[in-house]
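[1] Quick one: sequence plus predicted model below, questions after.
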Amino acid sequence: MAIRHAPPLPALLQWLRDHDVPFRLHQHTPTFTARATARAEGVDPTTFAKTIVVKADDGRRALLVLDATDHLDLRRARRLLNAGGLRLLLEEELAELAPEIDVGTLPPVGLWQMPIYADYGVHADAEISFHAGSHDFAVRVARDAWERATGVIYGDLVADDERGEARPA
């Protein structure tokens, strides 16, 4: 399979401009995980936001945002979204949702008309980075400007650590 070198999503860059979110765009070697992208960007992976798309059993979809180092707890996400059941979108569904971007690089912004929920850990960062719709590009923004533009709702979304202890909020 040939690696596609996609440009950053133009609609994302325009959305950031339209919502007064200053950003820095970075090109990097192609990466396929949030942690690898953070390394390629030279940023702390706890400040790289990964986006996960979920679907509730009632059909609602939502974007969930976590630090690259964290793992989603679906039970906690289900509670936060007040959903009876919740599942991750399949790759095919992600490709259908946003055909103009590389699968796995959905930026956590308001382009897809879905509510955005983020873990409390994201709120701890002054700046965050996230994929720009490509395996080759990421953007870095001030977290507070991103919050104002997206209307993000914070909650506890991260799984307990290996010791079984809940991490601090």
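    Perfect, I can see it now. Everything quoted here is computed from the prediction, not taken from an experiment. Numbers count the residues shown, from 1 in each chain.
[2] just to confirm, which helix or strand has the residue most central in space within the chain in it?
    Centroid-nearest residue in the chain: residue 51, 2.2 Å away (criterion: Cα atoms, centre = their mean). Assigned by DSSP states H and E, residue 51 belongs to strand 49-56.
[3] go on, residue 65?
    Residue 65 belongs to strand 61-67 when assigned by DSSP H and E.
[4] Hey, what's the angle from that strand to strand 49-56? Just curious.
    Using axes from the mean of the first three to the mean of the last three Cα atoms, to 10 degrees, the direction of strand 61-67 lies 150 degrees away from that of strand 49-56.
[5] before we move on, back to that, counting contacts, what elements does the strand holding residue 51 pack onto?
    Judged by 3 or more Cβ pairs under 8 Å, 6 or more residues apart in numbering; DSSP states H and E, the packing partners of strand 49-56 are strand 61-67, helix 74-81, strand 86-88, helix 91-97, strand 127-131. C-betas here are computed from N, CA, C, even on glycine.
[6] Can you lay out those as a markdown table showing mean pLDDT and distance to residue 34?
    Below are the helices and strands packed on strand 49-56 laid out as a markdown table (pLDDT from 0 to 100; distance: least, Cβ to Cβ, whole Å):
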| stretch | mean pLDDT | distance to residue 34 |
| --- | --- | --- |
| strand 61-67 | 97 | 8 |
| helix 74-81 | 97 | 17 |
| strand 86-88 | 97 | 15 |
| helix 91-97 | 94 | 15 |
| strand 127-131 | 96 | 8 |
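[7] Could you save these as JSON lines and add columns showing mean neighbour count and distance to residue 156?
    Shown next, in JSON lines, are those (neighbours: other Cβ atoms under 10 Å; distance: least, Cβ to Cβ, whole Å):
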{"stretch": "strand 61-67", "mean neighbour count": "22", "distance to residue 156": "11"}
{"stretch": "helix 74-81", "mean neighbour count": "18", "distance to residue 156": "5"}
{"stretch": "strand 86-88", "mean neighbour count": "16", "distance to residue 156": "14"}
{"stretch": "helix 91-97", "mean neighbour count": "13", "distance to residue 156": "24"}
{"stretch": "strand 127-131", "mean neighbour count": "23", "distance to residue 156": "18"}
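[8] Among the ones you listed, which comes closest to residue 25?
    strand 127-131 (10.4 Å; Cβ to Cβ).
[9] quick one: the closest one to chain centroid distance?
    8 Å (Cα atoms, centre = their mean, to the nearest Å).
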